[in-house]
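S.K.: Need coordinates for the below:
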Amino acid sequence: MMFWIMAGAVLLAAGALILRALLSAPSDADGAVQSGLAVYRAQLAEVDRDLTRATISPTDADALRLEIKRRILEADRAGQGRSDAPAQQTRPAALGLPLALTAAILAASIFLYYQLGAPGYPDVPHQDRVARAEAIKAARPTQSEAEAEAAKTRPAPPPPPADFAKLMDELRAAIEVRPDDVTGLRLLATNERRIGNLQAAARAGEKLIATLGDQATAEDHVMLADILISAAGGMVTAQAEAEIAATLKADPTNGTARFYAGLLEAQIGRPDRAFPIWRELRADSPPEAPWVAYIDSQMELLAAAAGVDYAPVTKGPGAADMEAASAMSEAERAEMINGMVEGLEGRLFAEGGSGAEWAQLLTALGVLGDSDRARAAWAKAQSALKDQPDALAEARAAAQAAGVAE
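M.R.: Sure, this is the predicted structure:
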């Protein structure tokens, strides 16, 4: 109710100001008289300046002044004749249009609010939003619950090559014999993840951190956080959050941990916290950083949710491309873009490429809305980059932005 009282007061005040402005506008005839008087006064001043500069004689100046003053008197008498007419004869006609315009403007304002606003929707005070976010955070599934739920929809990983599978069996057996072998645990966690055994990778990473204790580095903690989040289907659980905190305590500049810290805030409904984290990370990151494509795809939406202005980072074609595209029709332009994407797609499928190139292809297919080709590209990228974890992570971020990867 308070909102409607305040909105009504503002609406009436705005209407009063509009009506006052419309009614106070001078008529065309009055405006013409005032304009004429201003011209005559300017002419008198010009006569005085010409006399000072000696460009006219005093006799000519007197004659000019006399003529101008005569015209001023005539214009003044004409204006007084119009002002002597009874005001009540013109008032009804004068009020009609301003009143109609004011009513139309106010009605349009109310109509637009009902179309674009949310009438009847209660405001959520900041304190309540914070409390709600904390409740969501507290109600998160445990790591084991999130992993079990994610496993239900995650496709089975393709079997590794026979020789690699044999090496993995030997590595697992070695860890059974030497469970505190730090090097072996690191290799096991890394390679279990590489072949898609995310839950096994998470257990190996947990054992590594427990074995190292205080000797665990920021890279050890962030590796485990990354595996835990992947195993949980992208959810930042409390256990993953603890690993992120440990990473940032050891290395506040760690990009992966900063990315996941922002992701956690976005997931629990705190865009006001997520936005500055990702904005600073984006500013500090090189273009090839694996999280850049995902952040760029989300920042405008996140900024809108946070209620802040944001100018997205844009990377367009070169000047020659722009000049060529500007002369094309829409159909020709679409054909050119598709041709560029198909060329990159064909080369990567045939010859492979870097993580950045796969990410470029996945991002382009996502923008084009071609989900089938994007899924095929992501499957091919996983196969091509399986032995390059950093490059695969870069491609994965683009696949997630395109909506074809968890």
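S.K.: C-alpha only now, for contacts and for neighbours.
M.R.: OK.
S.K.: Check the gap between residue 284 and residue 255 for me.
M.R.: 9 Å (C-alpha to C-alpha, to the nearest Å).
S.K.: Compare those two (neighbour count), which wins?
M.R.: residue 255 (20 against 12; other C-alpha atoms under 10 Å).
S.K.: The more buried one is in contact with residue 283, isn't it?
M.R.: No: judged on C-alpha atoms under 8 Å, residue 255 makes no contact with residue 283 at a distance of 11.2 Å.
S.K.: Using the record, which stretches count as separate domains in this protein?
M.R.: Annotated domains of the chain cover 2-116, 140-252, 319-401 [automatic domain parsing].
S.K.: and of those, who's closest to residue 309?
M.R.: domain 2-116 (19.7 Å; C-alpha to C-alpha).
S.K.: coming back round to it: and the domains of the chain as TSV, adding mean neighbour count, mean pLDDT and distance to residue 289?
M.R.: Compiled in TSV, the domains of the chain are given as follows (neighbours: other C-alpha atoms under 10 Å; pLDDT from 0 to 100; distance: least, C-alpha to C-alpha, whole Å):
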stretch	mean neighbour count	mean pLDDT	distance to residue 289
domain 2-116	13	66	38
domain 140-252	18	94	15
domain 319-401	17	76	7
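S.K.: Of all those domains, which one comes closest to residue 296?
M.R.: The nearest among those, by C-alpha to C-alpha, is domain 319-401 at 9.0 Å.
S.K.: centre of the chain versus the closest one, how much separation?
M.R.: From the chain centre to the centre of domain 319-401 is a distance of 22 Å (C-alpha atoms, centre = their mean, to the nearest Å).
S.K.: what's the answer for stretch 274-289, then?
M.R.: Worked out by C-alpha atoms, centre = their mean, stretch 274-289 lies 13 Å from the chain centre.
S.K.: now the one residue sitting closest to the centre of the chain, what's its secondary structure?
M.R.: The centroid of the chain falls nearest to residue 300 when counting by C-alpha atoms, centre = their mean (0.7 Å). Under DSSP: H, G, I helix; E, B strand; the rest coil, the three-state class of residue 300 is helix.
S.K.: the helices in the stretch 151-300 of the chain, which residues?
M.R.: For the stretch 151-300 of the chain, helices defined by DSSP state H, counting those that start in this stretch occupy the ranges 162-177, 182-194, 198-212, 218-231, 238-250, 255-267, 271-284, 292-306.
S.K.: Serialize the ones you listed to TSV and add fields for distance to residue 401.
M.R.: Formatted as TSV, the helices of the stretch 151-300 of the chain follow (distance: least, C-alpha to C-alpha, whole Å):
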stretch	distance to residue 401
helix 162-177	31
helix 182-194	21
helix 198-212	21
helix 218-231	15
helix 238-250	21
helix 255-267	13
helix 271-284	15
helix 292-306	5
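S.K.: quick one: which of those is nearest residue 129?
M.R.: helix 271-284 (10.8 Å).
S.K.: who wins for proximity to residue 350 among the helices of the stretch 151-300 of the chain?
M.R.: That would be helix 182-194 among the helices of the stretch 151-300 of the chain, by C-alpha to C-alpha, at 22.2 Å.
S.K.: That closest one - contacts with which helices or strands?
M.R.: Where contact means 3 or more C-alpha pairs under 8 Å, 6 or more residues apart in numbering; DSSP states H and E, helix 182-194 is packed against helix 162-177, helix 198-212.
S.K.: need those helices in CSV with distance to residue 352, can you?
M.R.: CSV is the format used below for the helices and strands packed on helix 182-194 (distance: least, C-alpha to C-alpha, whole Å):
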stretch, distance to residue 352
helix 162-177, 21
helix 198-212, 25
